Every structure is written in structure tokens, then in C-alpha cells.
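Trainee: My questions are about this predicted structure, shown below with the sequence.
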Amino acid sequence: MKEKMKSKNNAIAITAIVSGVILIVALVALFSFKAPNSTYSGNTVNVEGIATVNAMPDVISVYFNIETEGNTSSEAKDKNSEILNDLLIALILEGFDRDEIITENFNIYPNYEWTEDGREDNGFKATHSVKVVINSEESDDLGNIVDAGVDAGAGINYINFELSQELQNQYKAEAMKLAAKDAQIKADSVAEGFGLKTGKLVSVQVSDFGYYPWNVYSSSGRGVMEDAGMAKEAASNIQPGEKEVTARISATFKLR
């Protein structure tokens, strides 16, 4: 008799547990269901805002390259320093202040050459990259600047029309605002298509501002004098026009 009562009680307990589980599953399913007009906070829309603005460069950057060789690293460095000093003097005579002549890069490394017989050691090589920047309205001065660098023994690496930092910030702010508005318009349109409305902004991810300099001239590697002539010709004949710069953002909005 006791065994029967125990079995009966166990059956009742199991039945109660199963019933409870079924009830919980039913409640979860009920609250998980969302009608089209529900304000459930899990409804979101992800959109990408894109904006393009036209930019006109306001500065010209000239990049000089000094390359020297020596049997030792000290010899290569000393030769490089001599040309650098001559370049600094020449550019200062062209009207640049010393702090306007910027070192971009400086390296000394073993000068290897590979032949059919293997690697040949040719001492060391020193390279020095120097940049000067002028206003785009002063483009007539480019020829004299190129000549000054070449006469000092430097090569012309490349010449770019660029945006000053101030102008970069201005275009960046404008493009980002327009990209944000584009994202809002897209989110509103998607929500309206589903009979909903956009709610609060959940998150934003900002992509980098898409700006690249206008390259006017790049060294051909054929020699300092030939490169100098090509650089002067390019600088005198090519005028920059407007260029598109782009900003992108990703935004997530709630739907209600």
C-alpha cells in the first residue's frame, strides 16, 4: 500500500513539473510574438549613410629625396648630410623658414645587389625624404623650388596638390553631417515601408574620411636631371580641379 502511494505521489510530481515546463514555453512564445505595429525594443534597422562633397586643394607639397652611398654607414650618412645642408640653404633662399622644411623619413641600410653569383655587398645607402608646402596660388614658384632642390643634389620624389589640415577638417565635418542625414533618411524610409517609425538611435560606427591627395608628378627613377625636367613640366601644365571626397557611417535605429 505504501509503495502504491509513493508511486502515485511521484506521478503527480512529474505531471506538475511537465505542466510547469509547458506553461513556461507557452508564455515565452506568447511574449516573443511581435505584431507589425509592436513597439518591442528588439526591432531595429541598420543603415549605411554615404555622402560625397567636392573639394578643391589649397596647398602644394613637394617631396625631395636625397640618396647617397658609402663604404660605411658613416660615410653614406655624411654624404647625405652635406646634400641636406645644401638643400636647406637653397630652400631658405627661396623664402622658406627652417621649421617649414619637414623631414618625412631617414634611413641607412646595407646596399645589397643580387647577381648570378649571389649577393654582392656594396657598402651602405642613406636616404632622406624632405617635404615643403606652398599655397596653391603660388604654383608659379614650383619651377624655382624644383631647380633649387636639384641644384643642391636632391631628387624630386613626387608633387601633390593637397588639402591643408584646416580644409580637411572642414570637408570632413560637412561630409559626416551629410552622411548622418543620409542614414536617417534611409532608416525612415525602411521603417515607413514596414508601417513603422524610427525611434531612438542605438549605435553609430564612423568610417574613415575618404581623402587622397591629387598626385601631379611621381619620380620615374630615370635620373635626377630627367626627373627634375618632368617635374617642372608637370607642375607648370597641370592644374587641379575639384575632387570628390567621401564619408561613410553605419547607424542602428530602433523601430516602433
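Mentor: Sure, I can see it. Owing to the predicted nature of the structure, the values given are computational and were not obtained by experimental measurement.

Trainee: my guess is N122 meets E69, correct?
Mentor: Yes - proximity of N122 to E69 meets the contact threshold set by C-beta atoms under 8 Å, at 7.1 Å. C-beta coordinates here come from the backbone N, C-alpha and C atoms, glycine included.

Trainee: So for the two, which residues contact both of them?
Mentor: Shared contacts of N122 and E69, defined by C-beta atoms under 8 Å, 6 or more residues apart in numbering, are found at N111.

Trainee: Which strand residues bridge the closest residue to E242 other than its chain neighbours?
Mentor: With C-beta to C-beta, 6 or more residues apart in numbering as the criterion, E242 has its nearest non-adjacent residue at 4.2 Å, and that residue is N54. N54 has these beta-bridge partners by DSSP bridges: E244.

Trainee: Check N54 and give its pLDDT.
Mentor: Note for N54: predicted pLDDT of 93.

Trainee: burial of it, as a residue count?
Mentor: The local packing count at N54 equals 10, with neighbours defined by other C-beta atoms under 10 Å.

Trainee: swap in the one 10 residues further on?
Mentor: The criterion is other C-beta under 10 Å. On that basis, F64 has 27 neighbouring residues.

Trainee: can you give me the strands for this structure?
Mentor: In the chain, the strands defined using DSSP state E lie at 44-55, 59-70, 102-115, 118-135, 155-162, 198-206, 214-218, 243-255.

Trainee: angle of the fifth one against strand 243-255?
Mentor: For strand 155-162 and strand 243-255, the angle between their directions (axes from the mean of the first three to the mean of the last three C-alpha atoms, to 10 degrees) works out to 50 degrees.

Trainee: partner strands of strand 155-162, parallel or antiparallel?
Mentor: Strand pairing for strand 155-162, using DSSP bridges, gives strand 59-70 (antiparallel), strand 214-218 (antiparallel).

Trainee: Any stretches of this protein with poor pLDDT?
Mentor: In the predicted model of the chain, residues 1-42, 221-226, 238 satisfy pLDDT under 70.

Trainee: Roughly how far does the residue nearest the centre of it sit from K172?
Mentor: Centrality entry for the chain: nearest residue to the mean C-alpha point is D208, 5.4 Å, by C-alpha atoms, centre = their mean. Note on D208: its distance to K172, by C-beta to C-beta, to the nearest Å, is 10 Å.

Trainee: Of the strands of the chain, which is nearest D182?
Mentor: Counting by C-beta to C-beta, D182 lies closest to strand 44-55 out of these; the figure is 4.0 Å.

Trainee: one step back: could the strands paired with strand 155-162 be laid out in TSV, adding distance to P240?
Mentor: Formatted as TSV, these follow (distance: least, C-beta to C-beta, whole Å):
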stretch	distance to P240
strand 59-70	9
strand 214-218	5
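
Trainee: and those, which is most packed in?
Mentor: Among the strands paired with strand 155-162, the stretch with the highest mean neighbour count (mean count of other C-beta atoms under 10 Å) is strand 59-70, at a mean of 21.

Trainee: can I get the CA coordinates of that strand in PDB?
Mentor: The C-alpha trace of strand 59-70 is given here as PDB (Å, rounded to 0.1, in the frame of the first residue of the first chain):
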ATOM      1  CA  VAL A  59      48.300  73.600 -50.900                       C
ATOM      2  CA  ILE A  60      51.000  72.000 -53.000                       C
ATOM      3  CA  SER A  61      53.500  69.700 -51.400                       C
ATOM      4  CA  VAL A  62      56.900  69.000 -52.900                       C
ATOM      5  CA  TYR A  63      58.700  65.800 -51.700                       C
ATOM      6  CA  PHE A  64      62.500  65.700 -52.200                       C
ATOM      7  CA  ASN A  65      64.600  62.600 -51.900                       C
ATOM      8  CA  ILE A  66      68.300  62.600 -51.000                       C
ATOM      9  CA  GLU A  67      70.100  59.300 -51.700                       C
ATOM     10  CA  THR A  68      73.800  58.600 -51.100                       C
ATOM     11  CA  GLU A  69      76.100  55.600 -50.900                       C
ATOM     12  CA  GLY A  70      79.300  54.900 -49.000                       C
END
